[in-house]
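Q: Fold the stuff below for me.
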Amino acid sequence: MANDTYTPPRVWTWDKGNGGAFASINRPIAGPTHDKELPRGKHPLQLYSLATPNGVKVTILLEELLELGVSAAEYDAWLIKIGDGDQFGSGFVEINPNSKIPALLDTSVEPALRIFESGSILVYLAEKFGHFLPRDLAKRTETLNWLFWQMGSAPFLGGGFGHFYAYAPEKYEYPINRYAMEVKRQLDVLDRQLAENRYIAGDEYSIADMAIWPWYGALLNNQVYEAAEFLDVESYTHVRRWTDEIAARPAVQRGRRVNRTWGDDALPERHSAEDFTR
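A: Sure, this is the predicted structure:
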């Protein structure tokens, strides 16, 4: 470990050459960088996304709704290449001023509604179609407890641990240790909960599972950051059982493919169920 220490300046200024895997698209200001209209398909629900853990949450829910026979949940999924800066196009920023995927446009209502932030989209769709968010007050509250747990916890996994372990230009012991400790604590939280419950919020599969699985299931399956061995994920046996059960669901398998540009079964865009068979 280096002995020299960093002394913050009195006023921070942006150094465009600060490195890291996403240095080319990171910036300290909001708003569009270029004019670009978003495409529109034939379905009322228009999704603009990428198959990151946050994007997969929404495509899993949409596919689960379709699996139940909810035809009104048919959707067009358009690819947003965040590495190319598509999220800074004027059309995308109009739907999500925070320039993050996923973003959803519901044209079945007048005027059309924009929905951004993955948790907000999950709640919106679950309430709109009446599935995967219990109506019973106690069960609904528990589901939302765990949904918002994920919203608060995953940034420590992704922006914290994932960044310093996998994406930072250099390896630094302190932040890797700090965030590894936090991620293992989170895994223990999940493991204890799943020791007593089949699903995250109890005995019902819900949007809480759909929000948490793309992050922590992927971690257990070594699909993010290649850190499974480092974090000893197999020691969390109840998380492993839950991870495998969710992964076996056909709708989850389809949802994982949508807006993915890597792998043999990638499906960069989705406009009908037939796309999965092509």
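
Q: in the stretch 101-250 of the chain, which spans are strands?
A: Secondary structure of the stretch 101-250 of the chain (DSSP state E, counting those that start in this stretch): strands located at 103-106, 113-116.

Q: quick one, which of those is packed in tightest?
A: strand 103-106 (a mean of 23; mean count of other CB atoms under 10 Å). Where you see a C-beta, it was placed from the backbone N, CA and C, and this is true even at glycine.

Q: Paired strands for that strand, with orientation please.
A: In the sheet, strand 103-106 lines up against strand 45-49 (antiparallel), strand 113-116 (antiparallel) (DSSP bridges).

Q: and that strand, how far from the chain's centre?
A: Strand 103-106 sits 15 Å away from the centroid of its parent chain (CA atoms, centre = their mean, to the nearest Å).

Q: ok so, going back, right, so of the strands paired with strand 103-106, which gets closest to E274?
A: The closest of these to E274 is strand 45-49. By CB to CB, the value is 17.1 Å.

Q: What's the separation between the residue positioned nearest the centre of the chain and M181?
A: For the chain, the residue nearest the mean C-alpha position is N54 (1.0 Å; CA atoms, centre = their mean). In this structure, N54 and M181 are 23 Å apart, going by CB to CB, to the nearest Å.

Q: Kindly report the same for Q150.
A: Q150 sits 19 Å away from M181, going by CB to CB.

Q: right, and N197 touches E204 too?
A: No. Using CB atoms under 8 Å, N197 makes no contact with E204, being 9.7 Å away.

Q: Help me confirm that W78 is found in a helix?
A: No. Remark: W78 does not belong to a helix; assigned using DSSP: H, G, I helix; E, B strand; the rest coil, it is strand.

Q: quick one: pLDDT of it?
A: If you check W78, the pLDDT there is 98.
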